[in-house]
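Enquirer: this is a predicted model, with the sequence first.
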Amino acid sequence: MKELDAVDDYIFKELFLASPVASYICNPVGHIIAYNEAAESLWGRRPELGVVKWSGATAIYFPDGRPMPVEESPMALVLGEKEETVDVEMMIERSDGVRRNVLVFAKPIRSLSGQLIGGHNTLVDITDYKLYEEKQAILSEIVQSSDDAIVSKNLNGIIMSWNTGAQRIFGYSEDEIVGKSIEVLIPSYLKNEEQTILHEIREGRKVDHYQTIRVTKSGKEIPVSLTISPMRNKQGQIVGASKIARDISDQIQREQTIQFHEQQLETLHAIGKVISEKLDTPSIIQTVIDSTTNLVAADVGLCFYRVTDEEGHSDLSVAVATREANVYPDGHRIHLEDGIIHTIFSGEDAVRFDDVCEVPYIRSLFQVPGHSEAISIRHCLAIPIRSSDKLLIGAMFFGYTRLEVFNTADEVMMRNIASLVAVTLDNARLFEEVNALNLKKNEFIALASHELKTPLTTTKGYLQILERSEIDQVGRRFLTKALKQLERINALIAELLDISKIEAGKLSFHMETFDLSEMILDVVETFHFSSQTHTIFVNNTHGDYRVVADRQRIEQVMINLITNAIKYSPDANNVHITLESSPSEVSVQVKDEGMGMSRDQQEKVFARFYQVEGTSKMAGLGLGLYLSKEIIDRHGGHIGVNSQLGEGSTFYFSIPRNQDK
Amino acid sequence: MKKIIHVLEDDADIGELINFLLTEHGYQVSIFSNIASFRQHSNRESPDLLIIDVMLPDGNGLDICHEWKTNFGTHHIPVLIMSAYEDNRHDKRACNADGFISKPFDIQSFLSDVQARIG
């Protein structure tokens, strides 16, 4: 028996020492008398047997971190016979200062007679488990507190977990939905989507920021952004998917608002463009009212505006825009009394008529007598159009059938457009004034021609009759001079009138086909009669010089160039004209042997009223070359000069053979 | 038999000048200073040539030209338009005229213009 006991002792000792669970034994006083290797490695030290009491750890703590007095340690409680067994969680500090969470099982050891002979304690290290548990709790908390819906599902699409975010967004509680198919959230027309998503997940791919539509418990469709990732088990196999869904209704609404404002800006821009490009008021107003009506979502838009005719009578015109065609029959006249417009906008900027039935004169604007098809406008927004000097020059009326659309109508937008319309009308008024003035100017030009030339006509006639009669030599000499002066006055008047016409944009051309070389030879012949000082040579007249041009105007240019060549070469006696032709154009050079021009003078010579300095006795208005340039330019040709001081000048021009461009 | 020339010209001095020139050359000339008096007279006597100024106190000479040239009874009668305003030469109402005399005119070319039409 004793031997057996000895064997037993050995077995129990081995079991105690080799156990992977930290254990130690104390005597009744509390001194540690034995501990195993597991205890040693947990404590990180070897406590001296028979000296260290109750615990082999450097320090002990309650699970919440408060220091635990050694008298309250489980072993002390057991040995003090305060408790039979102690089974608690606590923390111990190792010799290296690291704390570990442990589960403690302390028990007394009694003799067969029941006398307390010691106590034993086992310590289970639960630190890793505790950390994992905490992490899980944190993760779970994150999932639960997220605003986004966080849902997991298996590969068959069955919902496995459901957070409060999901409940908030989709309306289902966790109990209701876990175990059901994810398809309850997918609108019927998007059922295929889930198959595609599951396919991606099975392939191990993530679906990121996928915008789609989901259905809530109440049946409402909401826009969501989904991020779906595959979930793997410890073996790395894909077992399901985690899905984060974000409700993007707000975001979508913001995007739509931005889009709407962009559209508004675009329309405003387009309106501005129409206003700056077109000059015909009715079509500008029509375009503006069409786009504005569309933009402010009105059913009918009316724009009344004042136009003044040539006689100065002003009248209210109207442009109508409707969202649906044929609301107003052709020729239907919408009329607004002048007085009423002033009554509506007395003092106020824009006026809202919540119920047009209460305001007969507004209601009648939108009614078509005997036309039952007309839409019934219930609400109206009226915007005045004021000129830059604050005069009421028109008004826009936007009619609505639906109250909610009317209530959200953008008044600021309308006011902005009204001021653009005001600018248009102001511009149109100015344009008409300018037109009227131009018309007057043209009348003046015609009248001036008549009035200035009438005395010239008679005087020239009288002088020519006198010329035929018998008069002495002195008389004849002065008669010839008088006729020459008369021609000069006539030429000056013609130049002045041409300038007026250019400014009024009325210099008109009458194109015909003629031979330029023949025309030049005719002109040169008349100079041979009148010029006693210079001989004019014409070179290279054989060739094809047919052009389509205004014969009289080109003749005017030739006369001008030859006159200048003679005038500015008083000490020379030759002028050379050279013609050239190419398939596309004909050109002429007029070369003199006169004083020539500096570079500076050459640059200015085609300017209006330019007179070469130091040539004041070379009378003229300084309009000849300006007119010549205008004529050649208008033919699509080119005119220029090459010259050097003291070495004469060569003026040249070329014009295209045909005027069709 | 003298050739008859009717002249519509509101300026008395130009009228006198033309009258002098044409009478001297053997034409029978009537000068009218406005459209109304011209119409009255032309009902009674048909001219061999008509010379019309454009700017008249009671209308536009180009309209008279157009009227005569599109009327079956008068379209064969030569019409010369006379104006100080060059642009009238290209007015479409003047396109049927037989000539355009630019004011101020040279008396010699004036006479040849007339003679070219009625000899």
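Expert: Nice, thanks for sending it over.
Enquirer: close to chain A: what parts of chain B are there?
Expert: B:11, B:13-14, B:17, B:20-21, B:55, B:83-87, B:89-90, B:103-108 (CB under 8 Å from any CB of the partner chain). The way it works is simple: take the backbone N, C-alpha and C, and place the C-beta from them, glycine included.
Enquirer: now list the buried members of these.
Expert: B:11, B:14, B:17, B:21, B:55, B:83-87, B:89, B:103-105, B:107 (16 or more other CB atoms under 10 Å in any protein chain shown).
Enquirer: spatially nearest residue to the residue of chain B found nearest chain A (excluding sequence neighbours)?
Expert: Using CB to the nearest CB, B:Ala84 is the residue of chain B that sits closest to chain A, at 3.5 Å. Of all residues beyond its chain neighbours, the one nearest B:Ala84 is A:Lys453 (3.5 Å), with distances taken as CB to CB, 6 or more residues apart in numbering or on different chains.
Enquirer: check contacts around the one you found.
Expert: By CB atoms under 8 Å, 6 or more residues apart in numbering or on different chains, the contact list for A:Lys453 reads A:490, A:493, B:84, B:103-104.
Enquirer: ok, now with 7 Å
Expert: A:493, B:84, B:103-104 (CB atoms under 7 Å, 6 or more residues apart in numbering or on different chains).
Enquirer: now it: which helix or strand?
Expert: A:Lys453 is located in helix A:411-468, with elements delineated by DSSP states H and E.
Enquirer: next SSE after that helix?
Expert: helix A:473-503.
Enquirer: tell me which other helices or strands that following helix touches.
Expert: Under the contact definition 3 or more CB pairs under 7 Å, 6 or more residues apart in numbering or on different chains; DSSP states H and E, helix A:473-503 sits against helix A:411-468, helix A:624-634.
Enquirer: what average pLDDT does it get?
Expert: For helix A:473-503, the mean per-residue pLDDT is 85.
Enquirer: which of the residues in that helix are buried?
Expert: A:479, A:482-483, A:486, A:489-491, A:493-502.
Enquirer: next: stretch A:139-146.
Expert: A:143, A:146.
Enquirer: isn't A:Phe514 up against A:Arg551?
Expert: Yes: with contact defined as CB atoms under 7 Å, A:Phe514 and A:Arg551 form a contacting pair (5.0 Å).
Enquirer: so for the chain, the centremost residue is which one?
Expert: With no chain named, the answer covers chain A. A:Glu262 (6.4 Å; CA atoms, centre = their mean).
Enquirer: that was the other one, I meant chain B.
Expert: B:Ile51 (0.7 Å).
Enquirer: quick check: that one is in a helix.
Expert: No: counting by DSSP: H, G, I helix; E, B strand; the rest coil, B:Ile51 falls outside a helix, being strand.
Enquirer: list the contacts of it.
Expert: B:5, B:7, B:80, B:82.
Enquirer: how many residues are close by the first one?
Expert: It stands for B:Ile5. Residues within reach of B:Ile5, counting by other CB atoms under 10 Å in any protein chain shown, total 25.
Enquirer: over to the second one?
Expert: By other CB under 10 Å, the residues close to B:Val7 number 24.
Enquirer: look at the residue of chain A at minimum distance from chain B and report its pLDDT.
Expert: Here chain A gets closest to chain B at one residue, A:Lys453, 3.5 Å apart by CB to the nearest CB. Model confidence at A:Lys453, given as pLDDT, is 88.
Enquirer: A:Glu193 reaches A:Ile186, doesn't it?
Expert: Yes: the criterion here is CB under 7 Å, and A:Glu193 meets it with A:Ile186 at 6.4 Å.
Enquirer: mind listing the strands for the stretch 101-250 of chain A?
Expert: A:116-125, A:149-154, A:159-162, A:207-215, A:221-232, A:238-247 (DSSP state E, counting those that start in this stretch).
Enquirer: cool, chain B as well?
Expert: Using DSSP state E, the strands of chain B run over B:4-8, B:28-32, B:49-53, B:55-56, B:59-60, B:79-83, B:99-102.
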